[in-house]
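Asker: Here is my input; please provide its structure:
(one chain, ligands or ions: 2)
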Amino acid sequence: MMKRLFALGSMTALLGACTPSTTLLSPDGRNSVAFDAATMTYAVLRDGDTLIRPSALGIAAQERDFSGFRFGVVHHTSGDREWSQPWGENKTHRDRYNEMTVELHNSDDRTELCLRFRAYDDGVAFRYELNAPDSLTVTDELTEFRFADEETAISWSIPGNFETYELQYREQPVAGVRDANTPFTFRSGKGAYGSVHEAALYDYPEMVLRRDAEGVLKADLAPLPNGVKAYIPGRFTTPWRTVQLGDKPVDLINSSLILNLNEPSKIADTSWIKPQKYVGVWWGMHLGTQVWTMGPRHGATTENALRHIDFAAANNIQGVLFEGWNQGWENWGGSQHFDYVEPYADFDLERIAAYAREKGVELWMHAETGGNIPEFEEQMERAFARYAELGVHTLKTGYAGGFKGGYLHHSQYGVQHYQRVVETAARYGIMLDVHEPIKETGIRRTWPNMMTREGARGMEWNAWSEGNSAEYLSTLPFVRLLAGPMDYTPGIFDIDYSTAKADKGRIEWNGPNAHCCIKTTLARQIANWVIIYSPLQMAADFIENYEGHPAFRFFRDFDADCDRSVALQGEIGDYIVLARRAGDRWFLGAGTNGEARTLAQPLSFLEDGVTYTATIYADAPDSARNPENYRIERRTVTSADTLEIAMAARGGQAVTFIPENE
Ligand code: NOJ
Ligand code: CA
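Answerer: Ligands and ions are numbered 1, 2, ... in the order given. Okay, the predicted model is just below:
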């Protein structure tokens, strides 16, 4: 029988006599969480306006009847410290909060559960800390999110799905949401912006929001095949439930909340962990002009590999990725049996690795599991040891296929697997780029080798579906990207790739993306290198499309090792302007949806007193019709100037600011 650890209603009688209501304020006094012990609910307010009405808290477990719980001690504390990380959108963060812990006692007066609340200037969070005598079988999480003004509050989200995040966004009133994954971004009826997500997801299933039988949006955890949500030890800390808050949409992007709620690095020496730009044998497989398996159209051949290494070395690109280098791709979608060590006969791994080392280029490995987790885990140590021996520091993994045994990608089983890979990779000095991942919840702070991941519709969708619209791209920064870096694999220059397909021989093409094109202008493709943050940033097109292309200069000048980022202006689904600093260079990226738009952007983020050469990669006057057209303009600017950003429909603009004396 399912027993409620504590829940709305069940505690009311117990706490009858004492009904303490406890409020926690953020340091600036604007955000607050109101905890009510009588109803065991929390509410979230900003500037006194209720954003989340009193909503239940709790976890349901099988083993234990917690009905004897009593409301115990409340502690208040606060924290304020600066910390830094080896890489990130921002290398330093301020972690300033007020905290409240509420202890709940069992019949022996022992604390078996503690609720920890934090209030920051950029949001609020809470989690459950259990201290039960025995392990628990979690059957449900009772946390609710009862939004105020559900009819007038607007939300942006993908559907709640435990297998994939590669889904389209919906903009809809909160009242219309049946289920949603997180980050779940919203604008309250009064105009405040927020986003519900989670931080520090370990050993537990992911949370989506789903309406229950009473029509209330509540936490729904990805189940195991037997319906149980999680098996946890008696002493256990759940992930944080987070609500980022701000006045403007860009405030959500500038928030450090998710990272602040994660633990410091567990990797002592992080000197081997380095952001990179990379190219690879990849796009051709998605267009169908190349294949992963051996044969006449095989992409990962020795000759192709050496050519890519030469290109990287000549173009200030640190890494090269080859997909389809290892044996087993014939089984993808079938038995999902891969060998993670043995290369195909036409891929001379030793020679390629030696050549990459000689040229000072990082050779990446790729491991597609197809969802065959037992086999991958079985080979993992041996494979990682081999990669390390070859001088490889970066691995792209993939989970394109259902998990064996009926496990869901986002279940506790999945979360534990993804984490085992992170920790094993760390022991071998390997950085990770995970496709079909578990959602990012800030664990990159604790495991800085967990560099980037997919977890949304990336570039590949432009090759074989209706494609990613400019509106989708203008929504991404305010929803998925709030969670952390994404390996979108941007930067396709051959926007109308129909010729490439014809030339390179894919004749079986009849997919829904009938006009064979990327749904943005070329300038926007460049801007995406800045907008879509990834410490491992790919130039995803065929290298021959970059050879001699004047606009590729941007990627050569670009530095993936960012120090600081500022989201400058934007409206969700409409447009975005972001700037990032790496060393003394700044990079700006702007993008619009289906509407042409001109924005004025003050350059006050630049260092005062420094004169910069701004190289502007902009849409041409006819880019809406001819998206491969662009213009490059050079100008001298200072922090006192204002940049006029003129963008075509589906367009964008990218700018490098390089100090004049550099
Ligand atoms: C899907 C990934 O997103 C893509 O990048 C990769 O090429 C294929 N799976 C094959 O692993
Ligand atoms: Ca994918």
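Asker: show me where pLDDT drops low in this structure?
Answerer: Within the chain, the stretches with pLDDT under 70 are 1-21, 65-68, 501-516.
Asker: Now do the helices in it.
Answerer: Shown for the chain, the helices assigned by DSSP state H span residues 249-253, 257-260, 283-287, 302-314, 349-359, 373-389, 412-427, 461-464, 470-475, 480-483, 498-504, 522-531, 553-557.
Asker: could the ones you listed go into JSON lines alongside mean neighbour count?
Answerer: Quick note: C-beta positions are derived from backbone N, CA and C, even for glycine. What follows is the helices of the chain, written out as JSON lines (neighbours: other CB atoms under 10 Å):
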{"stretch": "helix 249-253", "mean neighbour count": "22"}
{"stretch": "helix 257-260", "mean neighbour count": "26"}
{"stretch": "helix 283-287", "mean neighbour count": "22"}
{"stretch": "helix 302-314", "mean neighbour count": "19"}
{"stretch": "helix 349-359", "mean neighbour count": "16"}
{"stretch": "helix 373-389", "mean neighbour count": "17"}
{"stretch": "helix 412-427", "mean neighbour count": "20"}
{"stretch": "helix 461-464", "mean neighbour count": "20"}
{"stretch": "helix 470-475", "mean neighbour count": "24"}
{"stretch": "helix 480-483", "mean neighbour count": "24"}
{"stretch": "helix 498-504", "mean neighbour count": "14"}
{"stretch": "helix 522-531", "mean neighbour count": "29"}
{"stretch": "helix 553-557", "mean neighbour count": "18"}
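Asker: Select, out of those, the one closest to ligand 1.
Answerer: Nearest to ligand 1 among these is helix 283-287 (6.1 Å), distances taken as CB to the nearest ligand atom.
Asker: which residues are in contact with the closest one?
Answerer: Residues from elsewhere that reach helix 283-287 (CB atoms under 8 Å, 6 or more residues apart in numbering): 290-292, 299, 323-324, 459-460, 463-464, 489, 492, 497, 500-501, 504, 506, 540-542.
Asker: can you check stretch 262-271 too?
Answerer: Counting by CB under 8 Å, 6+ apart, 83, 85-86, 199-200, 273, 426, 441-449 sit against stretch 262-271.
Asker: Swap in 7 Å and give it another go.
Answerer: Contact partners of stretch 262-271, identified using CB atoms under 7 Å, 6 or more residues apart in numbering, comprise 83, 86, 199-200, 426, 442-443, 445-449.
Asker: who's in contact with the closest residue to Pro133 other than its chain neighbours?
Answerer: Spatial nearest neighbour of Pro133, chain neighbours left out: Gly234 (5.6 Å); criterion: CB to CB, 6 or more residues apart in numbering. Shown in contact with Gly234 (CB under 7 Å, 6+ apart): 130-136.
Asker: Phi first, then psi, for Gly234.
Answerer: phi -60, psi -40 (degrees, to the nearest 10).
Asker: State the distance from it to Lys91.
Answerer: Separation of Gly234 from Lys91 (CB to CB, to the nearest Å) stands at 38 Å.
Asker: returning to that earlier point: is there a quick PyMOL command that grabs whichever of the contacts of stretch 262-271 are buried?
Answerer: Per 16 or more other CB atoms under 10 Å, the buried members of the contacts of stretch 262-271 correspond to this PyMOL selection:
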select buried, resi 86+199+200+426+442+443+445+446+447+448+449
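Asker: any chance of the contacts of stretch 262-271 in TSV, plus distance to Leu603?
Answerer: Converted to TSV, those look like this (distance: CB to CB, whole Å):
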residue	distance to Leu603
Trp83	29
Pro86	28
Ala199	33
Ala200	37
Ala426	40
Gly442	31
Ile443	35
Arg445	30
Thr446	36
Trp447	36
Pro448	31
Asn449	35
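Asker: So which of the contacts of stretch 262-271 sit within strands?
Answerer: Of those, the ones assigned to strands by DSSP state E are 83, 199.
Asker: restrict the contacts of stretch 262-271 to contacts with ligand 1.
Answerer: Among these, none lies close to ligand 1 by the criterion of CB under 6 Å from any ligand atom.
Asker: List just the nearest of the contacts of stretch 262-271 to Ala219.
Answerer: Nearest to Ala219 among those is Ala199, at 14.2 Å by CB to CB.
Asker: which residues touch the closest one?
Answerer: When contacts are counted by CB under 7 Å, 6+ apart, Ala199 is found next to 125, 239-240, 242, 258, 261-262, 441-442.
Asker: again with Thr23
Answerer: Thr23 touches 32, 34, counting by CB under 7 Å, 6+ apart.
Asker: How about Thr592?
Answerer: Counted by CB under 7 Å, 6+ apart, Thr592 has contacts 470, 474, 575, 647, 651-652.
Asker: need these in JSON lines with distance to Val279, can you?
Answerer: Supplementary listing: the contacts of Thr592 in JSON lines, determined by distance: CB to CB, whole Å:
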{"residue": "Ala470", "distance to Val279": "24"}
{"residue": "Ser474", "distance to Val279": "26"}
{"residue": "Tyr575", "distance to Val279": "29"}
{"residue": "Met647", "distance to Val279": "27"}
{"residue": "Gly651", "distance to Val279": "24"}
{"residue": "Gly652", "distance to Val279": "21"}
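Asker: Let me have those in JSON lines, extended by distance to ligand 1.
Answerer: JSON lines is the format used below for the contacts of Thr592 (distance: CB to the nearest ligand atom, whole Å):
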{"residue": "Ala470", "distance to ligand 1": "21"}
{"residue": "Ser474", "distance to ligand 1": "22"}
{"residue": "Tyr575", "distance to ligand 1": "27"}
{"residue": "Met647", "distance to ligand 1": "28"}
{"residue": "Gly651", "distance to ligand 1": "26"}
{"residue": "Gly652", "distance to ligand 1": "23"}
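Asker: Now the residue nearest to the spatial centre of the chain. Nearest residue, chain neighbours left out?
Answerer: Against the mean C-alpha coordinate of the chain, by CA atoms, centre = their mean, the closest residue is Gly484 at 3.8 Å. Leaving aside its chain neighbours, Gly484 sits nearest to Glu440 (3.6 Å; criterion: CB to CB, 6+ apart).
Asker: you'd agree the one you found is up against Ala483?
Answerer: Yes. With contact defined as CB atoms under 7 Å, Glu440 and Ala483 form a contacting pair (4.2 Å).
Asker: Near ligand 1, which residues of this protein are found?
Answerer: For the chain, the contact set with ligand 1 under CB under 6 Å from any ligand atom comprises 282, 323, 368, 398, 400, 435, 454, 460.
Asker: Now do the fourth one: how many residues are near it, please.
Answerer: For Gly398, the count of nearby residues is 19 (other CB atoms under 10 Å).
Asker: quick one: it from Met459, how far?
Answerer: 14 Å.
Asker: re earlier: so which of the contacts of Gly234 would you say is closest to Gly328?
Answerer: Ser135 (37.3 Å).
Asker: So Arg357 sits against Gly391, correct?
Answerer: Yes. If you go by CB under 7 Å, Arg357 and Gly391 touch, sitting 5.3 Å apart.
Asker: contacting residues for the nearest residue to Lys359 once chain neighbours are set aside?
Answerer: Using CB to CB, 6+ apart and skipping the chain neighbours, the partner closest in space to Lys359 is Ala313 (4.2 Å). Counting by CB under 7 Å, 6+ apart, Ala313 touches 359-361.
Asker: any idea how the chain splits into domains?
Answerer: Using automatic domain parsing, the domain ranges for the chain come out as 8-260, 273-455, 460-662.
Asker: who's His298 bridged to?
Answerer: With DSSP bridges as the criterion, His298 is bridged to Val291.
Asker: Now for it, how many residues are close by?
Answerer: 20.
Asker: What distance do you get for it to ligand 1?
Answerer: To ligand 1, His298 is 14 Å away according to CB to the nearest ligand atom, to the nearest Å.
Asker: pretty sure that residue contacts Ala345?
Answerer: No. Taking contacts as CB under 7 Å, His298 lies outside contact range of Ala345: 10.0 Å.
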